[in-house]
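A.B. asks: Just the structure for this:
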Amino acid sequence: MKGRIISINISEKKGVRKKPVEEAVISENCGIEGDAHASSAWHRQVSLLALESIRKMQAMGLDVKEGDFAENITTEGIDLVALPLGTQVSLGGDVVGEVSQIGKECHSRCAIYHQAGDCVMPKEGIFIKILKGGKVRKGDPISVGE
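C.D. replies: Numbers count the residues shown, from 1 in each chain. I've put the predicted structure just below:
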């Protein structure tokens, strides 16, 4: 299964929309350098959400884009929620991650939820733990299980 990176998004604080960057360094067993969620202390080091999921929210009339769901990497062409836990995902030429969580509990309803009455990240976002670090760029390929 192959896809591509549509956007790389980071923020200095948790719980806010992330801003896009052209490229990022992802550190082994940590996450994206400069992002509030990067930590070796947990398994949710990098979050991924498919552009296809964002388009569902846009079809509901919401003015949302990549990073608005606080995802680190916006993907295209891969059915993220169909990936079993433990699946290896390659990002760009160097980075390798392992699916560590599918979806998440939304403890406090985000701004998106209040606007639309729904949010895709808790159901359709996934998290990976970084097994091998490196640099990723917008437009880089993503492959699964290779």
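
A.B. asks: By mean pLDDT, flag the weakest helix or strand of this structure.
C.D. replies: Every helix and strand in the chain was compared by mean pLDDT, DSSP states H and E; the lowest is helix 111-116, with a mean of 52.

A.B. asks: Report the separation between the residue most central in space within the chain and Ile6.
C.D. replies: A centroid search over the chain (Cα atoms, centre = their mean) returns Leu48, at 1.8 Å, as the residue closest to the centre. From Leu48 across to Ile6, the span is 11 Å (Cβ to Cβ, to the nearest Å). For the C-beta atoms, the positions are set from N, CA and C on the backbone; glycine is no exception.

A.B. asks: quick one: common contacting residues for those two?
C.D. replies: Thr74, Thr75 (Cβ atoms under 8 Å, 6 or more residues apart in numbering).

A.B. asks: buried residues in the longest helix seen in the chain?
C.D. replies: The residue-count maximum for a helix in the chain (DSSP state H) belongs to helix 51-59. Within helix 51-59, the residues scored as buried using 16 or more other Cβ atoms under 10 Å are Leu51, Glu52, Ser53, Ile54, Met57.

A.B. asks: Distance to Thr75 added to the residues you listed, as CSV?
C.D. replies: Putting these into CSV (distance: Cβ to Cβ, whole Å) gives the following:
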residue, distance to Thr75
Leu51, 7
Glu52, 9
Ser53, 9
Ile54, 10
Met57, 15
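
A.B. asks: which one among those residues gets closest to Gly145?
C.D. replies: Set against Gly145, the nearest of those by Cβ to Cβ is Glu52 (19.5 Å).
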